[in-house]
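> Sequence and predicted structure are below.
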Amino acid sequence: MFRDDQTDDVNGSRRSLLKGVAAGSVAAAGAGTASAADAAGYASMAQKEQVRARYDTEEVVRESVAEQAGEFLAALEAEGLVESADPADLVTEPKGTGEHLRSDRSVNVGAVSGDDGLTAHIDLAYRTDEYDLHVIVQPEAGRTYGYLDRDETVQRLDYDSQDGVTIQERCITAQVCDNELCDDNTGNYKIYEVECCEDSGCDVGWVVGCCHQFPGYVTPCCEACGC
């Protein structure tokens, strides 16, 4: 079963601290300052599209998911959260955001800034009547994690070979608009769920929708967690 290492309670002072940092970050980014862009590792829409385009086929996505998330998926299968851990049963042809949000089994691919530059951001969605499960795979960053959404609660899931699937503390969350096209329509940008923790920093979660006016900040983490 899941190992719950931390509670879901968020310390009030931590919330205040991160909100203050984020507010300052948004102001700097909105002003278009070079320092804010440099600190956040600014990436243009075209640069992100180049990374995303490498994962444009079901075969490439399946190989990446198998390599990066194979053990994690096997553990999720053992927990009864997926019927099969075989990427061939879970990975579909990458879908645009609108179709992705309407599908029970779906893959949406984006690109986000990581510590070492841009990484593809694969959102593997597995939806049932009881919960939505999102497995996030970032191939260039070598990272995999997940979110289990049961409507009233969302749990952050991590995995290691010793402890198996663990539930980690969810910190401050926000939904932010990024400079990635939703469905290849101009002016239709992706909205991501973003999680900010004082100790571990920022994690970009699953795509939740589209916005029609990109607000002009630098990255999702810059707005949600601070540059």
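Great, that's in hand.
> which SSE is Y147 in?
If you go by DSSP states H and E, Y147 is part of strand 143-149.
> Would you mind listing the buried residues in that strand?
Within strand 143-149, the residues scored as buried using 16 or more other C-beta atoms under 10 Å are R143, T144, Y145, G146, Y147, L148, D149. For the C-beta atoms, the positions are set from N, CA and C on the backbone; glycine is no exception.
> since we're on G80, how many residues are nearby?
Per other C-beta atoms under 10 Å, the neighbour tally for G80 reads 8.
> what does S84 give?
For S84, which is what you asked about, the neighbour count (other C-beta under 10 Å) is 11.
> same thing with the one 4 residues further on?
Taking other C-beta under 10 Å as the neighbour definition, A88 ends up with a count of 10.
> Quick check: it vs T57, distance?
14 Å (C-beta to C-beta, to the nearest Å).
> for E195, same thing?
29 Å.
> Please identify which of those two sits among more neighbours.
Between E195 and T57, counted using other C-beta under 10 Å, E195 has the larger neighbour count: 25 against 11.
> Direction included, what does the one helix or strand E180 maps to pair against?
Element membership for E180 (DSSP H and E) is strand 172-181. Its sheet considered, strand 172-181 pairs with strand 189-197 (antiparallel) by DSSP bridges.
> so the partner strand versus strand 143-149, what angle?
100 degrees (axes from the mean of the first three to the mean of the last three C-alpha atoms, to 10 degrees).
> Show me what whatever helix or strand comes next after strand 189-197 is packed against.
The first helix or strand that comes after strand 189-197 along the chain, using DSSP H and E, is strand 201-211. Strand 201-211 sits against helix 97-102, strand 105-114, strand 117-127, strand 132-138, strand 143-149, strand 172-181, strand 189-197, helix 220-225, with contacts defined as 3 or more C-beta pairs under 8 Å, 6 or more residues apart in numbering; DSSP states H and E.
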